[in-house]
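Asker: curious how this folds, go ahead:
(one chain, ligands or ions: 1)
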Amino acid sequence: MLYENLALNERGHLTIAGYDASKLVAQFGTPLFLVDEAVIRRQCRTYLTAMQESFRQGSFPLYASKALSCKAIYRLMAEEGIGVDVSSAGELYTARAAGFPMERIYFHGNNKTDADIRFGIECGVGCFICDSEDELLVVDRQAQDLGTCQKIILRLTPGIDPHTHEKINTGRIDSKFGAAIETGQAEKLVQLALRLSHVELLGFHCHIGSQIFDHKPFCDAAILMVDFIAEMSSHYGYKTKVLDLGGGMAVRYAEGDPVIDYGKNIRHIGILIREACAKAGVEEPIVLMEPGRSIVAAAGITLYTVGSIKKIPGFKNYVSVDGGMTDNPRYTLYGSAYTVLAADNMNANLDFCCTVAGRCCESGDLIQENVLLPEMHRGDLLAVLTTGAYNYSMASNYNRVPRPPLVFLGENGPWTAVRRETLDDMIKLDL
Ligand code: LLP
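Answerer: Numbering: from 1, shown residues only. The predicted structure follows:
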């Protein structure tokens, strides 16, 4: 199977971390998001260990919490001793409510409002990742107002095209994020940051995109960033303390996807940075990385109950489930691949080709097309794998569909980290 925590029991049911999918459904209902805590912890440790071994002392990962944000996740990250990247006041608020240490928060976002910036400084976040001149000026002014000096990192666009999906490609010069090195705008931003007295410039950040299998674009970006660090040293005598390389390492959604050795990739980047720094005559910076998907995606599974089955002879078969784009919009948005399994009938022959559809009034509301499953019946269970990242965090209430709960599979058994929304929740904001 795609992951080690999945197996098949004597009843022909899928098990996740040893739990029978159909028993979990009997207890928690469907649609159901399951999150295997052990998988998340293992990934955190893989990153932390490899980064400590490969980069300058003091280097560590920041979990990019846009991938999956809820109080339980921030508590888990606090226990694992890593940092967190938040990309909005809402994520920051959640992290704070979970008691996550504010000095280990890195505050992202290409368009933070003045209120976001003030909230971040008041919370005492460790660092702002500043995206533009505008933002830099507001951070400086607000820090002065609040009688403090805010640590910042500047987001740069290194001009790398990692050839991932257009909508999740962020490192190119024409990106809406950061300041481009090639156009000279990055250097201008450095000049400004060095002039301001209520910000302390720690260093530079880049994030080239997401779901990138090849390690070469990360290596290329790291080298370009070290070149920039060397230039800033020679132009301004500026000593970069921190280099944040963003996130973006891929995960396996389907059997055909290559297996990724995250530790090996990190060690490779470590060697390149060391060599490049030595060559350029600059001190090695502390390195940060911001994995989101590769920390939580594989830990997540969604379970659905099959509803109506529609066979259109000579055309297509539809199997509709009790969720869809409201809990997983990724096929609708990006045409993303997913592995779908008949969770309560794992030994049957896969001889029924179908499209797994959601329940929204929208033809594009599909989970996956051309899926091979056994003959399906109303009430059967389907499991969709690798839904830990960018599923719950991108879920919506379109058609006023309540969002499923997040049930964590922890050391002491399954527990509800975020409860299921009710129909009453659908009107709770209506005045
Ligand atoms: N750092 C920054 C600045 C980012 O913008 C992102 C993701 C990450 C880190 C984490 O990247 P990861 O390791 O998760 O690839 N909704 C899309 C993904 C959007 C990614 C946005 N930024 C999807 O479902 O594929």
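Asker: could you use CA atoms for every contact and neighbour count after this?
Answerer: OK.
Asker: in the stretch 1-150 of the chain, what residue comes closest to the ligand?
Answerer: residue 64 (5.0 Å; C-alpha to the nearest ligand atom).
Asker: how much space is there between that residue and residue 384?
Answerer: Counting by C-alpha to C-alpha, to the nearest Å, the separation of residue 64 from residue 384 is 23 Å.
Asker: now do the residue of the stretch 1-150 of the chain closest to the ligand against residue 238, distance only.
Answerer: 28 Å.
Asker: show me which of the two is the more surrounded one.
Answerer: Neighbour totals were compared for residue 64 and residue 238, and residue 64 leads with 26 against 16 (other C-alpha atoms under 10 Å).
Asker: residue numbers of the protein in contact with the ligand?
Answerer: Residues of the chain lying near the ligand by C-alpha under 6 Å from any ligand atom: 64, 67, 168, 207, 210-211, 246-249, 290-294, 330, 390.
Asker: quick check: residue 47 touching residue 262?
Answerer: Yes: under the criterion of C-alpha atoms under 8 Å, residue 47 makes contact with residue 262 at 7.3 Å.
Asker: so where do the helices sit in the protein?
Answerer: Per DSSP state H, the chain carries helices over the ranges 21-28, 37-54, 71-80, 89-97, 114-123, 133-145, 185-195, 216-236, 262-280, 293-296, 330-334, 423-426.
Asker: pick the most deeply packed of these.
Answerer: helix 293-296 (a mean of 28; mean count of other C-alpha atoms under 10 Å).
Asker: ok, residue 292 - how many residues close by?
Answerer: Neighbour count of residue 292, defined by other C-alpha under 10 Å: 26.
Asker: tell me the spacing between the residue nearest to residue 391 when sequence neighbours are not counted and residue 210.
Answerer: Leaving aside its chain neighbours, residue 391 sits nearest to residue 328 (4.8 Å; criterion: C-alpha to C-alpha, 6 or more residues apart in numbering). Here residue 328 is placed at a distance of 17 Å from residue 210 (C-alpha to C-alpha).
Asker: again with residue 266
Answerer: Per C-alpha to C-alpha, residue 266 is found 16 Å from residue 210.
Asker: and if you look at residue 315?
Answerer: Taking C-alpha to C-alpha, one finds residue 315 at 35 Å from residue 210.
Asker: between these two, who's got more neighbours?
Answerer: Between residue 315 and residue 210, residue 210 has the larger neighbour count (other C-alpha under 10 Å), namely 25 against 6.
Asker: tell me the confidence at that one?
Answerer: Looking at residue 210, its pLDDT reads 95.
Asker: I'd say it and residue 251 touch.
Answerer: No: in this structure residue 210 lies outside contact range of residue 251 using C-alpha under 8 Å: 9.8 Å.
Asker: ok, the closest residue to residue 253 other than its chain neighbours - contacts?
Answerer: Excluding its sequence neighbours, the residue lying closest to residue 253 (C-alpha to C-alpha, 6+ apart) is residue 338, at 5.3 Å. Residues counted as contacts of residue 338 (C-alpha atoms under 8 Å, 6 or more residues apart in numbering) are 253, 254, 367, 368, 384, 385, 386.
Asker: just the buried residues of the residues you listed.
Answerer: Buried by 16 or more other C-alpha atoms under 10 Å: 253, 367, 368, 384, 385, 386, out of those.
Asker: run through this protein and note the low-pLDDT ranges.
Answerer: By pLDDT under 70, the weakly predicted segments of the chain are 164, 166, 168-171.
Asker: quick check: angle from the top strand by length along it to helix 21-28?
Answerer: Taking DSSP state E as the criterion, the chain has its longest strand at strand 300-312. Relative orientation of strand 300-312 versus helix 21-28 (axes from the mean of the first three to the mean of the last three C-alpha atoms, to 10 degrees): 100 degrees.
Asker: which strands or helices does strand 300-312 pack on?
Answerer: Using 3 or more C-alpha pairs under 8 Å, 6 or more residues apart in numbering; DSSP states H and E, the elements in contact with strand 300-312 are strand 32-36, strand 316-321, strand 381-385.
Asker: partners of the last one, with directions?
Answerer: Each strand paired with strand 381-385, and its direction, by DSSP bridges: strand 300-312 (antiparallel), strand 340-342 (antiparallel).
Asker: tabulate the buried ones among the contacts of residue 338 (CSV), appending distance to residue 425.
Answerer: Output for these, formatted as CSV (distance: C-alpha to C-alpha, whole Å):
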residue, distance to residue 425
253, 32
367, 25
368, 29
384, 26
385, 27
386, 27
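Asker: could you find the closest non-adjacent residue to residue 302?
Answerer: residue 33 (4.6 Å).
Asker: that neighbour pairs with what?
Answerer: Residue 33 has these beta-bridge partners by DSSP bridges: residue 302, residue 406.
Asker: neighbours of it, how many?
Answerer: The burial count for residue 33: 27, using other C-alpha under 10 Å.
Asker: so it is in contact with residue 405, correct?
Answerer: Yes: here residue 33 reaches residue 405: they are 6.1 Å apart, a contact under C-alpha under 8 Å.
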